[in-house]
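1. okay, predicted coordinates and the sequence, questions at the end:
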Amino acid sequence: MDLQPRCLAENYRGSGKLEGKVAVITGGDSGIGRAVAILFAREGARVAIAYLSGDGDAQETCRLVEAEGSQCFAMAGNVQNPSFCENLMAHVLERFGSVNVLVNNAAFQEHAQNIEDITEQRLEETFRTNIFGYFHMVKAALAYMQEGDCIINTGSVTGIRGSKHLLDYSATKGAIHAFTKALASNLIWRGIRVNAVAPGPVWTPLNPADKQPNDVARFGADTDMKRPAQPEEISPAYVFLAAQSCSSYITGIVLPITGTAGEG
């Protein structure tokens, strides 16, 4: 991307909200995942990131986390594969000794003009990444999570009001919102909170990747703020939902951050 997403949140000051915690973030090599990793580290957490294939991006995220005075390691693999998810968690436990916060953030998205353009293979790819992957990661993490720990899922405004050119993606994001609420009820007896963040348009590699230049220029213009968010404008919400000091009485919510009044 010529105009790089802003992830550093330089005006954000940490205060130890996640001191001693271990966070696992999927899709942590760029965009929202990278921004969340940086702020979690600034709040005292050690961070593990999962990513699909961007080795250089993953190494840069680790560098930025370590620049915050924390520890980070990255592991490449596909969240569609339950064995990878289990292997990742085992490595996190071996390296850091616990798993306290899981951020499900990995996603697959492609635009399509019409439903006829979405092949069976494409539909399966979207669901296996965006919702199956969340299931697999949760099941793998729960083997190690305890009372006071939490799960944060990345939803989307498309899961709230749909998107005519993101039919399959919108469907998975709606499923993530329902999964979040159902899982929150399912795990409340274990003292594990489950919430979701539903961003609107965000300037990350995922969103403009398959758009035409004119569409990219208008990206986010239909929000009340007339622009997309930067990842650093979304990441503080993840800190809020991860920190017991901020959100110990919050579970099962989908928090919209859409740049538009009255969304939700």
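-> Sure, I can see it.
2. burial count for Gln109?
-> Number of residues near Gln109 (other C-beta atoms under 10 Å) recorded here: 20. (Glycine included, C-beta is placed from N, CA and C.)
3. any idea which helix or strand in the protein has the lowest mean pLDDT?
-> Least confident element among the helices and strands of the chain, by mean pLDDT, DSSP states H and E: helix 213-217 (a mean of 55).
4. what about the chain, any weak spots by pLDDT?
-> Where the chain drops to pLDDT under 70, the residues are 1-2, 206-221, 224, 263-264.
5. geometric centre of it: which residue is closest?
-> Nearest to the geometric centre of the chain sits Asn105, at 2.6 Å (C-alpha atoms, centre = their mean).
6. now that residue: how far from Ser248?
-> Taking C-beta to C-beta, to the nearest Å as the measure, Asn105 falls 22 Å from Ser248.
7. past the least confident helix or strand of the chain, which element shows up next along the chain?
-> Past helix 213-217, further along toward the C-terminus, the next helix or strand under DSSP states H and E is helix 231-242.
8. next one: the next helix-or-strand element following that following helix to chain centre, how far?
-> On the C-terminal side of helix 231-242, the closest following helix or strand by DSSP H and E is helix 244-247. Counting by C-alpha atoms, centre = their mean, to the nearest Å, helix 244-247 is centred 19 Å from the centre of its parent chain.
9. which elements pack onto the helix or strand just after helix 244-247?
-> Sequence order places strand 254-257 as the next helix or strand after helix 244-247, per DSSP H and E. Packing partners of strand 254-257 (3 or more C-beta pairs under 8 Å, 6 or more residues apart in numbering; DSSP states H and E): helix 158-161, helix 167-187, strand 193-199, helix 231-242.
10. out of those, which one sits most buried?
-> Compared across the helices and strands packed on strand 254-257, strand 193-199 shows the largest average neighbour count, a mean of 25 (mean count of other C-beta atoms under 10 Å).
11. sheet-wise, list the partners of that one with their directions.
-> Within its sheet, and counting by DSSP bridges, strand 193-199 is paired with strand 150-154 (parallel), strand 254-257 (parallel).
12. tell me which residues in the host helix or strand of Thr126 are buried?
-> Using DSSP H and E, Thr126 sits within helix 120-127. For helix 120-127, the neighbour count (16 or more other C-beta atoms under 10 Å) marks 126-127 as buried.
13. distance from the chain centre to it, please.
-> Worked out by C-alpha atoms, centre = their mean, helix 120-127 lies 20 Å from the chain centre.
14. doesn't Thr129 make contact with Gln109?
-> No - when contacts are counted by C-beta atoms under 8 Å, Gln109 is not listed as touching Thr129 (9.1 Å).
15. from start to finish, how long is stretch 4-11 in a straight line?
-> Terminal residues of stretch 4-11 are spaced 18 Å apart (C-alpha to C-alpha, to the nearest Å).
16. how distant is it from the center of its chain?
-> On C-alpha atoms, centre = their mean, the centre of stretch 4-11 falls 16 Å from that of its chain.
17. can you pull out the residues in contact with that stretch?
-> Stretch 4-11 has contacts (C-beta atoms under 8 Å, 6 or more residues apart in numbering) with 30-31, 34-35, 38-39, 42, 64, 202-205, 230-232, 235-236.
18. hang on, the earlier thing: packing partners of the helix holding Thr126?
-> Helices and strands touching helix 120-127, by 3+ C-beta pairs under 8 Å, 6+ apart, are helix 167-187.
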